[in-house]
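S.K.: What follows is a predicted structure for the sequence shown.
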Amino acid sequence: MNISTAMQTRYATKMFDQNKPISDDHLAQLLNVLHLSPSSVNTQPWHFIVASSDEGKARVNQGATGPYAYNAPKVTACSHVIVMCSKIHMDDDYLVELLDQEEQDGRFTSNPDFKGTYHKVRSTFVDLHRFELKDTQHWMEKQVYLNLGALLTSAAALEIDALPMEGFDFPALDREFNLREQNLAPIAVVALGYRSDEDFNANLPKSRLPKAQIFTHI
């Protein structure tokens, strides 16, 4: 599908067809998008919980109770739901882990001296957020949202419907999956699948501010 058409036709799906699952091939493509999404200096500060079984969705729905109960039916009916998590802190051991993985993947084969240089550059950016700006967690959350954007765009290109949700009890998800013990914090929940014929939102016209208002050409 043309990417512009995909963005024109995608929308926040409110009702899913629970009898129409995502194919294994399309799911693999979406997970590859999550795996390969860009991040600042390749920090990859994320983790994803992917649920497709009734039991898995029920666990995710531990965060959709009380004032957030309106999101529970969407999780139940969708094909797959993803809890997108960010790291809480990034220490030196993790930076070494990244460097070692990059070396295993051959990024320094042609120029071994670049390994030390790249480690220094990345550490400089990370330390800027850790010690000067003191906004490391917010910075890492931004990387997760970059990944979320890639996921939503890719789903639209595959004609898969999606609903990103922040209306969840994130402390409840933290407890359900022991996230804090894993240095993780839930950021958003994304339901994926195919729209129901009864979804009122499917036929509403898309509304955006005029291009003349949001673009400056120089």
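M.R.: Ah, there it is.
S.K.: how about stretch 5-13: buried residues?
M.R.: Neighbour counts over stretch 5-13 (16 or more other CB atoms under 10 Å) mark 6, 10-11, 13 as buried. Every C-beta, even on glycine, is put in place using the N, C-alpha and C of the backbone.
S.K.: Kindly report the same for stretch 192-204.
M.R.: Residues 192-196, 199 are the ones in stretch 192-204 that count as buried (16+ other CB under 10 Å).
S.K.: And the helices in the protein?
M.R.: Assigned by DSSP state H, the helices in the chain fall at 3-9, 24-36, 54-60, 72-77, 92-104, 114-127, 136-157, 170-177, 211-214.
S.K.: dump the residue contacts of the residue most central in space within the chain.
M.R.: The chain has L148 as the residue nearest its centroid, 3.5 Å off, counting by CA atoms, centre = their mean. Each residue near L148 by CB atoms under 8 Å, 6 or more residues apart in numbering is listed here: 84, 164, 188, 190.
S.K.: Show the model's pLDDT score for it.
M.R.: Among the per-residue scores, L148 shows a pLDDT of 98.
S.K.: Tell me how far it lies from A212.
M.R.: 28 Å (CB to CB, to the nearest Å).
S.K.: again, but for S4
M.R.: Relative to A212, and taking CB to CB, S4 is found at 18 Å.
S.K.: do the same with P205
M.R.: Here P205 is placed at a distance of 19 Å from A212 (CB to CB).
S.K.: before we move on, what about P186?
M.R.: For P186, the distance to A212 equals 38 Å [CB to CB].
S.K.: Which one's more surrounded, these two?
M.R.: Between P186 and A212, counting by other CB atoms under 10 Å, P186 is the more crowded of the two (25 against 8).
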